[in-house]
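K.L.:
have a look at this prediction, sequence included:
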Amino acid sequence: MATSVDKASVVNQIQTMNAVYNSVGLNLVLTATTLTVNDAWSIGAGSDLDAAKQALRQGTYADLNLYFHTNLTGGILGTCTLPTSVPSDCDPVVYASDGCNIHAGTMPGGSTYGYNSGLTAVHEAGHWFGLLHTFEGDSCSGDGDFIADTRQESVSTSGCPTSPAKNSCPDLPGNDPIHNYMDYSIDACYEAFTSLQEERMHDLWQAYRQGH
């Protein structure tokens, strides 16, 4: 079942994102909304993801562009670019593929059961601000997501396993961070970013995006 997108649903989505991001000192301002009808872009298969962004992107490297598709090939809920070094005076074509592609069914009140409270966009924007998955590397050792206060997990979370608690790295203290926005839990399971995730988002915003 496809979810239609209109201005009201976009406004609701941004409000949902700000309910999370305001708590870590970040604020999103909706400056423009466009509606495009394109059969290929609507399902975002392969190169069509980049093609849509390259044709539709607005603003500078400091502007988060969110692209909501009626479906995404492969069953994914979203994908987003990470920040990278971009000259402040470069041609916008350099960052034309920057932004997040998101299944419209994940918007608040959408059709994707378990993931329709608008928190997929929170997760994907976390990547845009510089965060990796809490299960990055799928290992109980190594650098993981490079965040010291996100407990490592060797496999992403499905659902919200609390009884018993999910513990994919039994030799480490504590349990998997299933309530973290950068895991793959259902929306009802999500609760917070950690202090060091907040610090990283601010640091990478200032280093790579602010002022562009």
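P.N.:
All right, it came through fine.

K.L.:
the strands in the chain, which residues?
P.N.:
66-69, 78-80, 100-103 (DSSP state E).

K.L.:
just the pLDDT at the most centrally placed residue in the chain, thanks.
P.N.:
The chain has residue 124 as the residue nearest its centroid, 0.6 Å off, counting by Cα atoms, centre = their mean. We have a pLDDT of 99 for residue 124.

K.L.:
so what's the nearest residue to residue 123 once chain neighbours are set aside up against?
P.N.:
Computed as Cβ to Cβ, 6 or more residues apart in numbering, the closest residue to residue 123 that is not its neighbour in sequence is residue 181, at 5.4 Å. No exception for glycine: its C-beta is placed from N, CA and C like everyone else's. Residue 181 makes contacts with 20, 119, 122-123, 126, 190, 192-193, as judged by Cβ atoms under 8 Å, 6 or more residues apart in numbering.

K.L.:
repeat that with 7 Å
P.N.:
By Cβ atoms under 7 Å, 6 or more residues apart in numbering, the contact set of residue 181 is 119, 122-123, 126, 190, 193.

K.L.:
if you compare the strands of the chain, which one is most tucked away?
P.N.:
For the strands of the chain, the largest average neighbour count (mean count of other Cβ atoms under 10 Å) is found in strand 100-103, namely a mean of 25.

K.L.:
against residue 91, how distant is residue 122?
P.N.:
31 Å (Cβ to Cβ, to the nearest Å).

K.L.:
more crowded one of those two?
P.N.:
Neighbour count, other Cβ atoms under 10 Å: between residue 122 and residue 91, residue 122 has more, with 22 against 8.

K.L.:
so which bits of stretch 105-121 are buried?
P.N.:
105-107, 110-112, 115-121 (16 or more other Cβ atoms under 10 Å).

K.L.:
restricted to helices, list those.
P.N.:
Of the buried residues of stretch 105-121, the ones assigned to helices by DSSP state H are 119-121.

K.L.:
TSV for the residues you listed, including distance to residue 10?
P.N.:
As requested, those are exported to TSV (distance: Cβ to Cβ, whole Å):
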residue	distance to residue 10
119	16
120	14
121	10
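
K.L.:
closest to residue 137 among those residues?
P.N.:
residue 120 (21.9 Å; Cβ to Cβ).
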